[in-house]
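Asks: Need a 3D model of the following:
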Amino acid sequence: MPARRPASARARMVSDSPLRLDRAEQLARLDGGDFDIIVVGGGVTGAYTAMDAALRGFRVALLEKDDFASGTSSKSSKMIHGGLRYIEQGNLSLVRHSLLERQRLRKNARHLVQRLPFLFPVLSHNGVFDRRLAAGFESLLWTYDLAGGWREGILHQKLTKNEVLSHCPTFKAEHLDSGFLYYDARADDARLTLALARTAAFHGATVLNGARVAEVTRRGGKVSGVVAEVGSRQVRARAGVVVLATGVWLRDWSGAGPDVEVPNIRPAKGVHIAVPWSKIRNDCTVTIPVPGRSRRATITRWGNTAYLGTTDEDYRGDLDDVNCTREERDFLLDGARTALNIDIEPEDVLGSIAGCRPLVAPPGGKTVELKRNHEIRTDPDGLVTVVGGKLTTARHMAEQTVDAAQAVLGRSSRCRTKSAYLLGAAGYDPEAIVASGGIASHLGERYGTEARFVTDILAEDPGLGRPIVDGLPYLEAEVVYAARHELARSVDDILSRRTRARIMARDASAASAERVGELLMKELDLPRSEVADQVAHYRLQTAHERAILMGDK
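Replies: Predicted structure coming up:
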């Protein structure tokens with residue numbers, strides 16, 4: 001097993017050379033390896049659990065059946081927030097704790113988590129709430145600020161009608177009275193998850209995507225490890241504890257022994273569509289009412305794209321094939337047309353994402369009314385399961401999960417993630433980088449201080465400065481970096497998660513798939529036939545996604 005990084009390196013989290021993750025090396029460590037803890041599931045909770053365990057000095061492996069964040073953790077609202085709705089539910093403790101965790105992420109992942117202004121318009125009628133409830137809502141915002149919103153350094157503000165329009169000039173003015181502005185944060189969820197997995201590897205963890213755990217093994221009635229399928233190869237690894245952090249997939253496979261009660265999982269589907277920002281022209285996240293629904297929608301700017309979402313409904317279908325439907329698309333577009341003076345049609349939609357929250361709850365009741373608390377269970381045989389919660393509280397969930405795992409091992413070690421930087425965060429100055437603009441700003445917000453390793457690739461081959469997809473900021477050098485240092489294996493890994501080209505420009509990304517495949521073929525020494533299969537598969541996926549969105553399926 002690899003030795004832990006020396007304390008000085010762990011404290012600085014800055015090195016002269018990038019962390020190079022070689023797939024063959026990670027697989028060799030896993031096959032026949034002897035670990036303290038094996039974490040199954042490479043979403044945000046599993047990745048943070050692996051990082052926490054590695055920082056405590058445990059020998060740990062993180063295994064993901066597809067790609068890091070390929071499930072729910074790349075398909076969230078991308079908001080790092082306390083959740084005003086949870087105050088409405090009476091769950092103030094969750095809000096208070098979420099806001100504390102938000103600020104920890106703002107510090108420890110400062111290159112990936114940015115401040116996000118959040119606008120609530122007050123309408124004379126048919127709004128998210130009308131002016132008669134405005135005073136009550138402001139009390140809610142004061143509660144939010146006092147619960148921890150103040151940590152952002154700015155308290156909520158009441159806005160005039162004209163001030164609301166200055167933040168979103170397309171908002172319909174005829175029924176607009178005023179508004180409220182408060183502050184949360186946002187993050188590219190897929191890159192945050194990947195940064196956690198890479199930071200775990202930096203501290204000695206074995207991390208591997210494309211490793212499907214088929215079985216939790218047991219010896220003498222106790223968990224002893226896992227059997228995983230990596231391509232056509234079956235590998236075994238031993239562990240004192242196995243942690244399941246598989247999110248909604250726990251609905252279909254629990255890994256539990258016989259006669260063991262498992263949590264009841266209710267997948268709650270959420271969707272987002274991407275539209276040109278020029279249609280909306282908002283400079284903050286705007287909450288809009290949706291006619292005939294108690295659920296509100298939000299519009300968040302991301303570059304030259306605006307994300308519009310989300311619904312929150314029970315989902316009983318295939319968890320590996322969740323898509324935004326035509327009905328859900330129309331629901332969101334109708335809401336946007338009702339609230340804004342815009343001409344927007346289905347053909348304007350650039351892309352979509354759909355994912356499922358892992359709610360822990362029995363059947364009955366609306367999913368929007370269910371609490372987002374998490375649950376951690378330790379079975380008598382030593383299997384630890386964590387499920388539920390939300391993106392913002394993943395660090396705390398991981399802390400409690402590792403506490404449970406080390407109790408099974410009979411060991412005790414202090415959690416270190418409250419102040420642990422993710423790779424790229426230490427020494428990063430967000431304001432200076434953003435002010436510099438251009439490529440430096442783009443790379444800084446994705447890689448932090450590690451951006452210099454991408455520019456090193458550009459210096460070696462300036463031809464890699466071309467964009468992957470016309471109109472998007474992602475560079476070909478980033479494909480090379482992802483293959484060398486981020487365990488990217490496929491065209492889909494690059495276009496769906498290492499970059500977000502698939503949601504920002506679905507059809508254009510399909511057109512660029514062949515060039516991405518060529519870069520991967522050269523960097524990873526892949527057979528041409530395998531690359532051709534990857535390109536065809538990606539184009540088939542995006543065509544399937546588009547057909548469902550447009551109602552052709």
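Asks: okay, and the helix or strand of the protein with the least pLDDT?
Replies: Every helix and strand of the chain was ranked by mean pLDDT, DSSP states H and E. The lowest is helix 7-12, at a mean of 43.
Asks: so what's the residue lying closest to E152 once chain neighbours are set aside scoring on pLDDT?
Replies: Nearest non-adjacent residue to E152, counting by C-beta to C-beta, 6 or more residues apart in numbering: Y183, 4.5 Å away. (Each C-beta comes from the backbone N, C-alpha and C, glycine too.) pLDDT for Y183: 85.
Asks: One more: the one 10 residues further on?
Replies: Reported pLDDT at T193 in the predicted model: 98.
Asks: Secondary structure of it: a helix, I assume?
Replies: Yes: counting by DSSP: H, G, I helix; E, B strand; the rest coil, T193 falls inside a helix.
Asks: S70 is in contact with that one, correct?
Replies: No: the pair T193 / S70 is not scored as a contact, 9.4 Å apart, by C-beta atoms under 8 Å.
Asks: shared neighbours, the two?
Replies: G42 (C-beta atoms under 8 Å, 6 or more residues apart in numbering).
Asks: Compare these two (neighbour count), which wins?
Replies: Regarding T193 and S70, a neighbour count based on other C-beta atoms under 10 Å identifies T193 as having more, with 31 against 22.
Asks: In contact with the more buried one: list those residues for me.
Replies: Contact analysis of T193 by C-beta under 8 Å, 6+ apart lists 42-44, 47, 68-69, 73-74.
Asks: what's the distance between it and L63?
Replies: Taking C-beta to C-beta, to the nearest Å as the measure, T193 and L63 are separated by 14 Å.
Asks: and what of F331?
Replies: Taking C-beta to C-beta, one finds F331 at 37 Å from L63.
Asks: Just give the number of residues close to D533.
Replies: So D533, with other C-beta under 10 Å, has 15 neighbours.
Asks: Pull out the buried residues from stretch 377-393.
Replies: 377-379, 381-393 (16 or more other C-beta atoms under 10 Å).
Asks: Which of those sits closest to Q534?
Replies: L391 (28.7 Å; C-beta to C-beta).
Asks: Excluding chain neighbours, what is closest to that closest one?
Replies: S76 (5.4 Å).
Asks: which residues touch the one you found?
Replies: Here S76 is in contact with 189, 270, 355, 391 (criterion: C-beta under 8 Å, 6+ apart).
Asks: which of those count as buried?
Replies: Buried among the contacts of S76 by 16+ other C-beta under 10 Å: 189, 270, 355, 391.
Asks: So which of the residues you listed is the closest to G427?
Replies: D189 (23.7 Å).
Asks: State the pLDDT value of the nearest residue to that closest one once chain neighbours are set aside.
Replies: In space, and not counting its chain neighbours, D189 is closest to S76: 4.9 Å by C-beta to C-beta, 6+ apart. With respect to pLDDT, S76 has a value of 92.
Asks: E88 too?
Replies: In this prediction, E88 has a pLDDT value of 58.
Asks: helix, strand or coil for the residue lying closest to C284 once chain neighbours are set aside?
Replies: Nearest non-adjacent residue to C284, counting by C-beta to C-beta, 6+ apart: P117, 3.7 Å away. Three-state assignment for P117 (three-state DSSP): strand.
Asks: for the protein, which spans come out with low pLDDT?
Replies: For the chain, the stretches flagged by pLDDT under 70 are 1-16, 82-92, 126-136, 142, 144, 147-150, 291-295, 363-372.
Asks: Show me the contacts of S76 that map onto strands.
Replies: 270, 355 (DSSP state E).
Asks: Let me know the closest of the contacts of S76 to R326.
Replies: When the contacts of S76 are compared against R326 (criterion: C-beta to C-beta), the nearest one is G270, at 16.6 Å.
Asks: looking at it, the closest one is touching P358, isn't it?
Replies: No: taking C-beta under 8 Å as the definition, G270 is not a contact partner of P358, at 11.8 Å.
Asks: R56 against D403, yeah?
Replies: No: between R56 and D403 there is no contact under C-beta under 8 Å: 9.8 Å.
Asks: what do these two both touch?
Replies: C415.
Asks: These two: who's more crowded?
Replies: The neighbour count for R56 versus D403, taken as other C-beta under 10 Å, is higher for R56 (24 against 17).
Asks: Name the nearest residue to that one, sequence neighbours excluded.
Replies: Using C-beta to C-beta, 6+ apart, the nearest residue to R56 is S413, at 4.0 Å.
Asks: Checking the one you found next. Helix, strand or coil?
Replies: coil.
Asks: Report the contact partners of the residue sitting furthest away from the middle of the chain.
Replies: Note on the chain: the largest C-alpha distance from the chain mean falls to G220, namely 38.1 Å (C-alpha atoms, centre = their mean). With contact set as C-beta under 8 Å, 6+ apart, G220 has no partners.
Asks: For it, give its distance to A404.
Replies: For G220 relative to A404 (C-beta to C-beta), the value is 21 Å.
Asks: ok, now Q541?
Replies: 37 Å.
Asks: tally of neighbours for V164?
Replies: There are 23 residues near V164, going by other C-beta under 10 Å.
Asks: Show the contacting residues for it.
Replies: Contacts of V164 (C-beta under 8 Å, 6+ apart): 119, 121, 171, 176, 178-179.
Asks: Those in strands, which ones?
Replies: Counting by DSSP E, the contacts of V164 contribute 119, 121, 176, 178-179 to strands.
Asks: residue nearest the centroid of the chain?
Replies: Nearest to the chain centroid, counting by C-alpha atoms, centre = their mean: D189, 2.5 Å.
Asks: So what's the gap between stretch 278-290 and the chain middle?
Replies: Put simply, stretch 278-290 sits 22 Å off its chain's centre (C-alpha atoms, centre = their mean, to the nearest Å).
Asks: Quick one: end-to-end length of that stretch, please.
Replies: Across stretch 278-290, the terminal residues are separated by 21 Å (C-alpha to C-alpha, to the nearest Å).
Asks: Just the buried residues of it, please?
Replies: Applying 16+ other C-beta under 10 Å to stretch 278-290 flags 279-282, 285-290 as buried.
Asks: Likewise for stretch 159-172?
Replies: Buried-residue list, stretch 159-172, by 16+ other C-beta under 10 Å: 159, 164-165, 167-168, 170-172.
Asks: for stretch 320-339, same thing?
Replies: 322-325, 328-329, 331-333, 335-336, 339.
Asks: Give me the residues contacting that stretch.
Replies: Residues outside stretch 320-339 that contact it (C-beta under 8 Å, 6+ apart) are 75, 121, 171-172, 269, 271-273, 275, 280, 288-291, 293, 297, 299, 308-309, 311, 315, 342, 344-346, 349, 352-356, 544-545, 548-551.
Asks: Check the residues you listed for burial and list the buried ones.
Replies: In the contacts of stretch 320-339, the ones that pass as buried (16+ other C-beta under 10 Å) are 75, 121, 171-172, 269, 271-273, 275, 280, 288-290, 297, 299, 308-309, 311, 315, 342, 344, 349, 352-356, 545, 548-549.
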